[in-house]
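>>> attaching a predicted model along with its sequence, questions to come.
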Amino acid sequence: MSRHTDEIENLFEQILLICDEQGLLGHELFAIDGGKILSNAAKEWSGTFKALEQKRSKIQRQIHHQLTEHKKLDKMKVEMMNDDNVRNKPLIP
């Protein structure tokens, strides 16, 4: 895992907020293919600061959860590797 977790988390959050505002997140699959997307800056498409903060909080929680799960899996893999190394060590050096 990167030593820049906080910076990655903040950048990813900003990207997801922008994508959500553009209607790009279907909440099932997230993919970027580099296609051009039309924008509509009309007032009826913009939200309130409260709504944006709610979206931001939700995305922050989701990112934090995913990173926490990723760290747990990394730790489990290291522990499994260490267990395998102990099991595979000869009893007599």
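Yep, it's here. Residues are numbered from 1 along each chain as shown.
>>> quick check: residue 74 vs residue 51, distance?
According to CB to CB, to the nearest Å, residue 74 and residue 51 sit 35 Å apart. All C-beta atoms are positioned from the backbone trio N, CA, C, and that covers glycine.
>>> and for residue 6?
Counting by CB to CB - residue 6 and residue 51 are separated by 25 Å.
>>> again, but for residue 68
Residue 68 is 26 Å from residue 51, by CB to CB.
>>> ditto for residue 17
From residue 17 across to residue 51, the span is 11 Å (CB to CB).
>>> more neighbours: which of the two?
Using other CB atoms under 10 Å, the more surrounded residue of residue 17 and residue 51 is residue 17, with 16 against 10.
>>> OK, contacts around the more buried one?
52, 55-56, 59 (CB atoms under 8 Å, 6 or more residues apart in numbering).
>>> at 6 Å instead, please
residue 56 (CB atoms under 6 Å, 6 or more residues apart in numbering).
>>> try the one 3 residues further on
Shown in contact with residue 20 (CB under 6 Å, 6+ apart): residue 55.
>>> continuing past the helix or strand hosting it, what's the next helix or strand?
Here residue 20, judged by DSSP states H and E, is contained in helix 5-21. Where DSSP H and E defines the elements, the next helix or strand beyond helix 5-21 is helix 49-87.
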